[in-house]
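Undergrad: heads up, no residue letters with this:
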């Protein structure tokens, strides 16, 4: 996300780093470049105008003018303004209601609303330890009801059935009553979407809202529609008292115009952001962390939280104890680590949060995708358990058999083994407890990936 904006802003701000001071001339040039960057990112014009006015006022201020590092000061100003335009801080869900707390989901068809219902339900279960039920009031699309049922079963949510003979208000009321009987904490209600905003749609959802009085009314919008997402959110907000926005498909949005426009245009906070298709690919939206990502400073806090929530702590502890006892890190252990990375959302999800990733050549970033993990796991799956436990056995004919078994080339097997040896060396340093050595090992492994990922 934000790839294009990040590249543009970094190029612009880099020019200031070598300047001894800020002048009206270089401030003017910088503001022009920032304006172009924001417009190319499809940020709404009123947002761009306010952004630049605030940035100019800050840049001409005494503190920046007298700073010994005006370039760094400008970067801080841009970061602060990005945070401000996106909402200052994360605003969590308000679930302070007599159970079940009712969450109403609104949005256009195709925004990923039904999938987001399941994602949000899973997030509430895993992070807030809530018992969650879901229901679809989209009585016009039987496929949407079926889709929600499948997703609810997948992530262990309580699903309340509905059918096309019912009215949306009756569906919602019946589900809320059933949720009370089951002592659920939260009920999430999916609603019908349309391909465009129309009076019939708005009248229906306004009547539904009035009948059930939800504590949260969330607008789900496709981030790839850019500033149109903000305009659509405003239209819904004019009809409904929205409490927040969920941006979907952000992993496929290289511009970021929606994230930078919605708060300014609607006055409503972005509460969550969808970063992939999987049901665990939903993150709370933190403006300060997102601003750091835009400026290629990374988002280590979110990465750490992601690791804490996803990694199997029992397996991780067993591996640490194994290494500390002097036992060798083998290919079966390496396979487990690759699977953990997949569970965390893959390489792309992690790279997005690491600082300096935008400086990496695009051809290298293209190689470091989730297919790489799947192919490496495929190579290891093609080995016997004895080979996984004793990697030194893998030579000559064994390598050829493994390559044939997973449908890959001999060079792919060799690359995977090279990656494994790098990881094995890292684990030896973990045994000694030398964190500096281990971090050097991480850097070495990243360089190894840059040197040649597996074929796509």
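TA: Cool, the structure landed. Here the structure is a predicted model, which means the values were calculated and not measured.
Undergrad: where exactly do the strands run in the stretch 51-200 of the chain?
TA: 101-106, 132-136, 158-160, 186-190 (DSSP state E, counting those that start in this stretch).
Undergrad: CSV for these, including distance to residue 124?
TA: Just so you know, the C-beta spots here come from the backbone N, C-alpha and C atoms, and that holds for glycine as well. CSV is the format used below for these (distance: least, Cβ to Cβ, whole Å):
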stretch, distance to residue 124
strand 101-106, 9
strand 132-136, 5
strand 158-160, 12
strand 186-190, 6
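Undergrad: all helices of the stretch 51-200 of the chain, in order?
TA: Residue ranges of the helices in the stretch 51-200 of the chain, as given by DSSP state H, counting those that start in this stretch, are 62-65, 70-86, 113-128, 142-154, 168-181, 199-212.
Undergrad: how far away from the center of its chain is the second one?
TA: By that I understand helix 70-86. On the basis of Cα atoms, centre = their mean, to the nearest Å, helix 70-86 sits 22 Å off its chain's mean C-alpha point.
Undergrad: avg pLDDT for that helix?
TA: Averaging pLDDT along helix 70-86 yields 79.
Undergrad: can you name every helix or strand that that helix contacts?
TA: helix 3-17, helix 45-59, helix 62-65, helix 257-266, helix 287-294 (3 or more Cβ pairs under 8 Å, 6 or more residues apart in numbering; DSSP states H and E).
Undergrad: what about the shortest one, average pLDDT?
TA: This means helix 62-65. Helix 62-65 comes out at a mean pLDDT of 54.
Undergrad: got it, and the second one?
TA: Model confidence over helix 45-59 averages 85 on the pLDDT scale.
Undergrad: quick one: end-to-end distance for stretch 391-398.
TA: End-to-end distance of stretch 391-398 (Cα to Cα, to the nearest Å): 11 Å.
Undergrad: for stretch 190-199, that is, sorry about that
TA: First-to-last distance for stretch 190-199 - Cα to Cα - comes to 19 Å.
Undergrad: pull out the buried residues from it.
TA: Neighbour-count burial for stretch 190-199 flags 190-193 (criterion: 16 or more other Cβ atoms under 10 Å).
Undergrad: and the nearest residue in space to residue 400 that is not next to it in sequence, how close does it get to residue 385?
TA: Nearest non-adjacent residue to residue 400, counting by Cβ to Cβ, 6 or more residues apart in numbering: residue 410, 6.2 Å away. Residue 410 is 22 Å from residue 385, where distance means Cβ to Cβ, to the nearest Å.
Undergrad: mind checking how far stretch 282-296 is from the chain centre?
TA: 9 Å.
Undergrad: quick one: mean pLDDT over it.
TA: 79.
Undergrad: okay, now the domains of this protein?
TA: Annotated domains of the chain cover 3-86, 101-302, 310-451 [automatic domain parsing].
Undergrad: and these as JSON lines, adding distance to residue 93?
TA: Below are these laid out as JSON lines (distance: least, Cβ to Cβ, whole Å):
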{"stretch": "domain 3-86", "distance to residue 93": "18"}
{"stretch": "domain 101-302", "distance to residue 93": "6"}
{"stretch": "domain 310-451", "distance to residue 93": "21"}
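Undergrad: how far out from the middle of the chain is stretch 164-178?
TA: 33 Å.
Undergrad: where along the stretch 351-456 of the chain do the helices fall?
TA: Going by DSSP H, counting those that start in this stretch, the stretch 351-456 of the chain shows helices at 362-367, 370-381, 385-389, 396-406, 410-432, 435-451.
Undergrad: can you flag the weakest of those helices by average pLDDT?
TA: With a mean of 44, helix 435-451 has the lowest mean pLDDT of the helices of the stretch 351-456 of the chain.
Undergrad: and for residue 14, the neighbour number?
TA: Neighbours of residue 14 under the rule other Cβ atoms under 10 Å: 11.
Undergrad: meant to ask about residue 237, not that
TA: Here the number of neighbours of residue 237 (other Cβ under 10 Å) works out to 20.
Undergrad: same deal with residue 268?
TA: 22.
Undergrad: dump the residue contacts of it.
TA: 219, 233, 237, 242-245, 262 (Cβ atoms under 8 Å, 6 or more residues apart in numbering).
Undergrad: who wins for most neighbours among these?
TA: residue 262 (33 neighbours).
Undergrad: now do the same contact list for it.
TA: 221, 229-230, 233, 245, 247, 268, 270.
Undergrad: these in strands, which ones?
TA: Secondary structure from DSSP state E places 221, 245, 247, 270 of the contacts of residue 262 in strands.
Undergrad: nearest to residue 404, out of those: which one, please.
TA: Nearest to residue 404 among these is residue 247, at 44.8 Å by Cβ to Cβ.
Undergrad: for the closest one, give me its contacts.
TA: 221, 223, 229, 258-259, 262, 270, 272-274, 285.
Undergrad: what's the distance between residue 185 and residue 157?
TA: 12 Å.
Undergrad: of the two, who's got more company?
TA: residue 157 (26 against 18).
Undergrad: residue 238: neighbouring residues, count only.
TA: Residue 238: 10 neighbours (other Cβ under 10 Å).
Undergrad: and residue 161, by the same measure?
TA: 14.
Undergrad: chain neighbours aside, what residue packs nearest to residue 56?
TA: Per Cβ to Cβ, 6+ apart, closest to residue 56 is residue 31, 5.9 Å.
Undergrad: check contacts around the residue lying closest to residue 385 once chain neighbours are set aside.
TA: Nearest residue to residue 385 in three dimensions, chain neighbours excluded: residue 332, at 7.3 Å (Cβ to Cβ, 6+ apart). The contact partners of residue 332, by Cβ under 8 Å, 6+ apart, come to 380, 385, 388-389.
Undergrad: most neighbours out of these, which is it?
TA: residue 380 (23 neighbours).
Undergrad: show me what contacts that one?
TA: Residue 380 sits next to 331-332, 334-335, 338, 388, 416 when contact means Cβ under 8 Å, 6+ apart.
Undergrad: 7 Å instead, please
TA: If you count contacts by Cβ atoms under 7 Å, 6 or more residues apart in numbering, residue 380 has them with 331, 334-335, 388.
Undergrad: ok, residue 257 next?
TA: 41-43, 226-227.
Undergrad: with secondary structure, distance to residue 427 and neighbour count as extra columns, can I get the residues you listed in CSV?
TA: Listed next are the contacts of residue 257 as CSV, based on DSSP: H, G, I helix; E, B strand; the rest coil; distance: Cβ to Cβ, whole Å; neighbours: other Cβ atoms under 10 Å:
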residue, secondary structure, distance to residue 427, neighbour count
41, coil, 42, 27
42, coil, 45, 22
43, coil, 45, 26
226, coil, 45, 21
227, helix, 48, 23
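Undergrad: residue ranges in the stretch 51-200 of the chain under the pLDDT threshold?
TA: 61-71, 195 (pLDDT under 70).
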